[in-house]
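A.B. asks: Need coordinates for the following:
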Amino acid sequence: MNRKQLLNKFLANQCSAEEAKLVFSWLNENPKLLDDLISEDDWTSYIAQEKNVKRRNGNISKIFTVFVIFGLLFFCSNLFEEPHGQIAQDIIRKTYYNPLSRPKEIITDDESHLILAPGALVQVRIKSNLDFRYVKVLEGKVQFEVAKDPSKPFIVESDQLTTTALGTQFIVNYTSRSKDVLVQLLEGKVRVAHIMQSAEHVKILKPGQQIHFSAASQMVLSDFGNTSKGADRLVNFLPRLISTAKEKEYSYPMTIHQSANWLEMEETSLSEIIQYINHELDMPVSYDSLLVRNYRLKGRFRRNAAMDLQDKTQLAESILQLIVEVNPFKLEKQQNTYILKPKK
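C.D. replies: Below is the predicted model of the structure:
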């Protein structure tokens, strides 16, 4: 497919997210590509219909505005409406682009808040019938304020990294050209994993910590604190959110007992056990809360006095294995997340 064919496909609102992103890169390099495709009459007619797109102080050129408006045909029509006809394998994909010079807030179906910095581009797959909530950052800086739902892990993909949270606030900044990814945690806890998924490629972030990933340095963990340059950028990006990083406490149920060498569960509900796995063992698990509500588990598991991430993973997998052995469930794994499903 040549450039003209792809531009026509873009204007007809038939592009995939990756194709539209490619068109944007072409228009950045050569805005005149649209000159042969848009007549003056079409331009005048469309401008009259798009009340939300305005020229600012006469400084925005016609070509840039054409770039924004026709980009909105594919992207920003989704900001306030449900998409039509974008259903594949029961997953509805919504793609959002922020062409403005200020941050743009998106509220997803689960009431999570996504703040898109200027130029940010994301794809969202969040529906109540899905096993987990999924966002792919295709370009730019996005702040996430995740709605709490222990049964549905919130997964953000950015190039070779996945960031998984249950209910927290964090920033993902992805530069597609250099393949650099920066993840900063403001509140709660997130699990950042490389697609290779070996132990050294999984990190658990605490508030005030960040992961920088690049082809040269791989995953580098550091602190950005509350007064560093990184924190200043965060406050300027979204001043309405708290600027002091903090970690919310988790209290596991009275039926779970821990000692230096043992973990014991006394007739504990499966939902409480899975929340323990999520919070204490840093292992994301998706489940249907209605499906597991009548099931409980009793068991005793050996644990190490000092638990590293590999020890936590092994303990979590042992607990999950017992759950599926004594209950009518099975385990699947997608996007680095275990999914508890009924046996057929």
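A.B. asks: tell me, how many neighbours does the closest residue to residue 149 other than its chain neighbours end up with?
C.D. replies: Once flanking residues are discounted, residue 149 sits nearest to residue 110: 6.3 Å by Cβ to Cβ, 6 or more residues apart in numbering. Placement of C-beta: from N, CA and C, glycine included. Using other Cβ atoms under 10 Å, residue 110 has 16 neighbouring residues.
A.B. asks: In this structure residue 110 contacts residue 126, no?
C.D. replies: Yes - the criterion here is Cβ atoms under 8 Å, and residue 110 meets it with residue 126 at 5.3 Å.
A.B. asks: what residues do these two have in common as contacts?
C.D. replies: Shared contacts of residue 110 and residue 126, defined by Cβ atoms under 8 Å, 6 or more residues apart in numbering, comprise residue 133.
A.B. asks: Could you grab the helix/strand/coil label for residue 331?
C.D. replies: strand (DSSP: H, G, I helix; E, B strand; the rest coil).
A.B. asks: Report the beta-bridge partners for it.
C.D. replies: residue 340 (DSSP bridges).
A.B. asks: Name all residues that make contact with it.
C.D. replies: For residue 331, the contacting residues are 320, 321, 324, 338, 339, 340, 341, by Cβ under 8 Å, 6+ apart.
A.B. asks: could you redo the last one with a cut-off of 10 Å?
C.D. replies: With Cβ atoms under 10 Å, 6 or more residues apart in numbering as the criterion, the residues that contact residue 331 are 285, 317, 320, 321, 323, 324, 338, 339, 340, 341.
A.B. asks: Then residue 112?
C.D. replies: By Cβ under 10 Å, 6+ apart, the contact list for residue 112 reads 106, 124, 126, 133, 135, 144-149, 154, 165, 167.
A.B. asks: Go again with 6 Å.
C.D. replies: Contact partners of residue 112, counting by Cβ atoms under 6 Å, 6 or more residues apart in numbering, are 146, 147.
A.B. asks: Quick check: pLDDT value at it.
C.D. replies: Confidence at residue 112, expressed as pLDDT, is 92.
A.B. asks: Neighbours of residue 274, how many?
C.D. replies: Residues lying near residue 274 (other Cβ under 10 Å) number 25.
A.B. asks: Can you classify it by secondary structure?
C.D. replies: Secondary structure of residue 274, per three-state DSSP, is helix.
A.B. asks: if I pick it, what's in contact with it?
C.D. replies: By Cβ under 6 Å, 6+ apart, the residues touching residue 274 are 285, 287.
A.B. asks: Could you report the separation of it from residue 110?
C.D. replies: Look at residue 274 and residue 110: by Cβ to Cβ, to the nearest Å, they are 18 Å apart.
A.B. asks: Check residue 317 too.
C.D. replies: Applying Cβ to Cβ to residue 317 and residue 110 gives a distance of 27 Å.
A.B. asks: quick check: longest strand of this structure.
C.D. replies: Longest strand of the chain, by residue count under DSSP state E: strand 133-145.
A.B. asks: Next secondary structure element downstream of it?
C.D. replies: Once the chain leaves strand 133-145, the next helix or strand it forms, by DSSP states H and E, is strand 154-158.
A.B. asks: Tell me the helices and strands packed up against that next one.
C.D. replies: Strand 154-158 is packed against strand 133-145, strand 161-165, strand 169-175, with contacts defined by 3 or more Cβ pairs under 6 Å, 6 or more residues apart in numbering; DSSP states H and E.
A.B. asks: Kindly present the ones you listed as a markdown table, with separate columns for distance to residue 202 and mean pLDDT.
C.D. replies: Below are those laid out as a markdown table (distance: least, Cβ to Cβ, whole Å; pLDDT from 0 to 100):
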| stretch | distance to residue 202 | mean pLDDT |
| --- | --- | --- |
| strand 133-145 | 19 | 93 |
| strand 161-165 | 10 | 91 |
| strand 169-175 | 16 | 93 |
